[in-house]
Structures are given as structure tokens and as C-alpha cells.
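Asker: Okay, structure incoming, though there's no sequence with it:
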């Protein structure tokens, strides 16, 4: 009878380990989804600028982009910065957002996409 209890205890410990690994896996899948959404929105902004004749977008267009960004990544904030160096125009899109880490702490992440717009 004691052997059955020991076997059940070992099985329970193993199952708890599997549940813990599944939880960490789901958390990382969520973080990966957020990162892909951020990359997609950064690329969308680059394409909007190129479609606008490589000129800065109006405040309404920028606010619409930020609204779309927040719908997909609620903690995100986006900034768009134009620069011209030696006649070459570039745009830097920086998006910051919060991610949950393994210890369940929130860490702020940032992605900057720089594109040439001529």
C-alpha cells in the first residue's frame, strides 16, 4: 500500500513540473505575439510614410496608427522621428511596450525600426 502512495507522490510531482512548464510556455507565446504585433505596426508605419510620398504624416494619421497599435498591444506607445543627413531621409519608428517575464515581473521592451525614405 505504501508503494502506491509513493508512486502517486512521484507522479504528482512530475505532473506539477509539466504544468509549470506549460505555464511558462504560454507566457512566452504571449510575449512572442506582442513582439510580432509591434514589428507589424512598425512596418505598417514605414509603408504609410512611403505611400504618402515619403513625407511626414498628419497628426490625424499618426493618431490613427497609434490607436491601431494600442488596440493590438494595450501597453504600447509609438514615436515617429524623421531625419535628413546629407540629403538622405530616414525615419525611426520606436515602439515601447510591457512584457511579463518568467518571474511574472513586468519589463518594458522597446523596438526601433529605421528605414530610408527617399
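Answerer: Received, thanks. Since this is a predicted model, take the numbers as computed values, not measurements.
Asker: Output the contacting helices and strands for the longest helix along the chain.
Answerer: Using DSSP state H to define each element, the chain has its longest helix at helix 2-51. Other helices and strands packing on helix 2-51, by 3 or more Cβ pairs under 8 Å, 6 or more residues apart in numbering; DSSP states H and E, are helix 59-72, strand 77-85, strand 88-100, strand 106-116. Yep, even glycine has a C-beta here, placed from its N, CA and C like the rest.
Asker: what do you get if the cut-off is 7 Å, keeping everything else the same?
Answerer: Of the remaining helices and strands, those touching helix 2-51 by 3 or more Cβ pairs under 7 Å, 6 or more residues apart in numbering; DSSP states H and E are helix 59-72, strand 88-100, strand 106-116.
Asker: which other residues reach the second one?
Answerer: Counting by Cβ atoms under 7 Å, 6 or more residues apart in numbering, the neighbours of strand 88-100 from elsewhere in the structure are 27, 31, 34, 38, 41-42, 45-46, 49, 54, 69, 73, 75-83, 106-118.
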